[in-house]
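Novice: Provided below are the primary sequence and the corresponding predicted coordinates.
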Amino acid sequence: MSDSISPSSATASANTPPAGAAAPPAPAADEDRAVEPAHPPTTDIVLSSPQRWRAFWVCVAVAGITILDLSKVNVALPSIESALGAGSTELQLIVSGYVLTFGLVLVPMGRLGDQRSRRALFIVGLSLFTITSLVCAVAVSPLMLMIGRLLQGVAAGIQMPQVLGLIQQLFQGKERGRAFGLFGATIGIATAFGPTIGGLLILVGGATDGWRWIFWMNVPLGIIAIALAVWVLPKTRTRSRKALSFDLFGVLLFGLAVLSLMWPFLFTTGSPDDDPRRWWLLVLFVLFAGAFVAWERHYEGQGKQPLIRFALFRISSFRNGTLLIAAYFTALPALFLLTTLFLQTGVGLAAVYAGMVTIGFALASALFSWIGGNLVGTYGRPVVVWGLVGVLACVIGLAAAALFVPAEWVAWVMAGVMVIGGVGGGLVMSPNQTLTLGDIPVKQGGIAGSIGQLGQRIGTSVGTAVALSLFYATIYREGNGAAPDIVVYHDAYAYGMTAVAVFVALAFLISIVDLSSRRRKKKG
């Protein structure tokens, strides 16, 4: 059953928590409380260790299902096009609409979860995700599927910030490192296994209706998860008559800024038919972003709680970690998408076999996310630095395999190279998450985590757009019959992976800057 405690027992346990309970929030939370208006306080979650871990696994399993939908749908696009007669723009919206609405609601929902019940919002988001998955599964037109995907992204954006906030609230110290390690492992598996699962479901369901199985699988999983969430997740807030502090005008400005930033990238395909006028939206982004920052400072100056406290970015560990993971996610989804595209369209592999190339990455990432989560408490940022070296080696190895290995062997060689990338990726995800949120007050865990997730979603849209535009622009430019198709695809893959390498190198540079900053602080 759900576990909670009354305000009086929370006060009584603040200094001497019972055995197995989470430790009180770090002193930084008290300092933060002094500068913010009072709002419903977070209760200490007094749970035994098994209860905390059961709650953790429910949250993380749902996060994994959410992330799966970022990648498993990509391999279904040809099937959707055939079954529903969807055009290229509609197919783009089916994929990118989910990313767009996911990113739009992350920060507002993280802010709301910090003030009210993370548990309640998690269940609301999960319920909506299950319903919208059903809508997608029974869609009879491209429009119905697009609407379902847009609402599915909203649902994902509601529940994901609550996962990170709950993890930060349930665990402290080295146990939190372990928790984020396992969280990173789950996300790594979901990201890498998405194409494989999508390909398998299409194989089982058939070329016409196999894509529906991709959405149908979420329905029973969602129902089971809702039941477990109601039973297992603890209540995290006391009842309060205080008014909700929610900056609606700030939410509007923030939404317009994110929309104008992501839109031109989400609709960049590399085709000559891409509308060049879309880039003017970046001018609107600068205007909306400037207005948002000015409004938030004004709003906070009136003694109210803004949507984003920019003071968070003065914490170097949070700022650097958020920038690093945004750069990393600008590279990672593009790496998987380019590789499966090359193997499907260039080499001629079936979707299921092209997706299986990423299995080694998924398994190695899962193992080394757990190892990295345990190592980060002892070694800190160097764990992430070495992880990025491994990912960069993987990118170079994949490009070399595409260029120099015969077509009949290239998938096997790429599968082996992916294992190296998985080792590196595991040492990036969970340790960086732990380092990024390590100095953030617990009561701001939801908003801080959602900012990081927003960086990942924006990174995904930008990186995918850049890599795909280079890939397809090369095919349009060189695919005129003057060169064999495989040579054209070699070149297209090499250009796309060059962009991926640049983004990984940027993440590596940020990790070095953060490492130097931490060492200076130690000496000081």
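Specialist: Arrived safely. Numbering: from 1, shown residues only.
Novice: so where do the helices sit in the stretch 101-250 of the chain?
Specialist: 118-137, 142-170, 173-216, 218-232, 248-266 (DSSP state H, counting those that start in this stretch).
Novice: got any ranges where the stretch 351-500 of the chain has weak pLDDT?
Specialist: 442-446, 479-484 (pLDDT under 70).
Novice: coming back round to it: right, so of the helices of the stretch 101-250 of the chain, which gets closest to L341?
Specialist: helix 173-216 (10.1 Å; CB to CB). Glycine gets a C-beta too; all of them are placed from N, C-alpha and C.
Novice: roughly how far is the closest one from the heart of the chain?
Specialist: Taking CA atoms, centre = their mean, to the nearest Å, the mean C-alpha location of helix 173-216 is offset from the chain mean by 13 Å.
Novice: Who are the packing partners of it?
Specialist: helix 49-71, helix 77-84, helix 118-137, helix 142-170, helix 316-341, helix 351-356, helix 359-379, helix 407-437 (3 or more CB pairs under 8 Å, 6 or more residues apart in numbering; DSSP states H and E).
Novice: For these, please prepare a markdown table with the additional fields mean neighbour count.
Specialist: Below are those laid out as a markdown table (neighbours: other CB atoms under 10 Å):
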| stretch | mean neighbour count |
| --- | --- |
| helix 49-71 | 21 |
| helix 77-84 | 18 |
| helix 118-137 | 22 |
| helix 142-170 | 25 |
| helix 316-341 | 24 |
| helix 351-356 | 22 |
| helix 359-379 | 22 |
| helix 407-437 | 24 |
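Novice: Check whether I359 really touches P195, as I assumed.
Specialist: No: taking contacts as CB atoms under 8 Å, I359 lies outside contact range of P195: 9.7 Å.
Novice: any low-confidence regions in this protein?
Specialist: 1-48, 88, 173, 177, 236-245, 442-446, 479-484, 524.
Novice: Contacts for stretch 285-299 next, please.
Specialist: Residues outside stretch 285-299 that contact it (CB atoms under 8 Å, 6 or more residues apart in numbering): 247, 249-250, 253-254, 256-257, 260-261, 306-308, 310.
Novice: would you list those residues in TSV and tack on distance to Q168 and neighbour count?
Specialist: Formatted as TSV, those follow (distance: CB to CB, whole Å; neighbours: other CB atoms under 10 Å):
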residue	distance to Q168	neighbour count
D247	22	20
F249	28	13
G250	23	23
L253	27	22
F254	22	24
L256	29	18
A257	26	20
S260	31	19
L261	27	21
P306	20	22
L307	19	23
I308	17	23
F310	20	11
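Novice: can you tell me which of those lies nearest to F329?
Specialist: Nearest to F329 among the contacts of stretch 285-299, with distances taken as CB to CB, is L261, at 14.9 Å.
Novice: Ignoring the adjacent residues along the chain, who's closest to that closest one?
Specialist: Distances taken as CB to CB, 6 or more residues apart in numbering place F285 nearest to L261, at 4.4 Å, with adjacent residues excluded.
Novice: What is the neighbour count of G303?
Specialist: 8 (other CB atoms under 10 Å).
Novice: Let me know the secondary structure of it.
Specialist: Under DSSP: H, G, I helix; E, B strand; the rest coil, the three-state class of G303 is coil.
Novice: Could you pull up phi and psi at it?
Specialist: phi 80, psi 10 (degrees, to the nearest 10).
Novice: what does I440 give?
Specialist: Backbone phi and psi, for I440 under degrees, to the nearest 10, turn out to be phi -90, psi 130.
Novice: wait, it sits on Q169?
Specialist: No: using CB under 8 Å, I440 is not in contact with Q169; the gap is 11.4 Å.
Novice: how about the helices and strands packed on helix 173-216, which one is nearest A185?
Specialist: helix 359-379 (3.5 Å).
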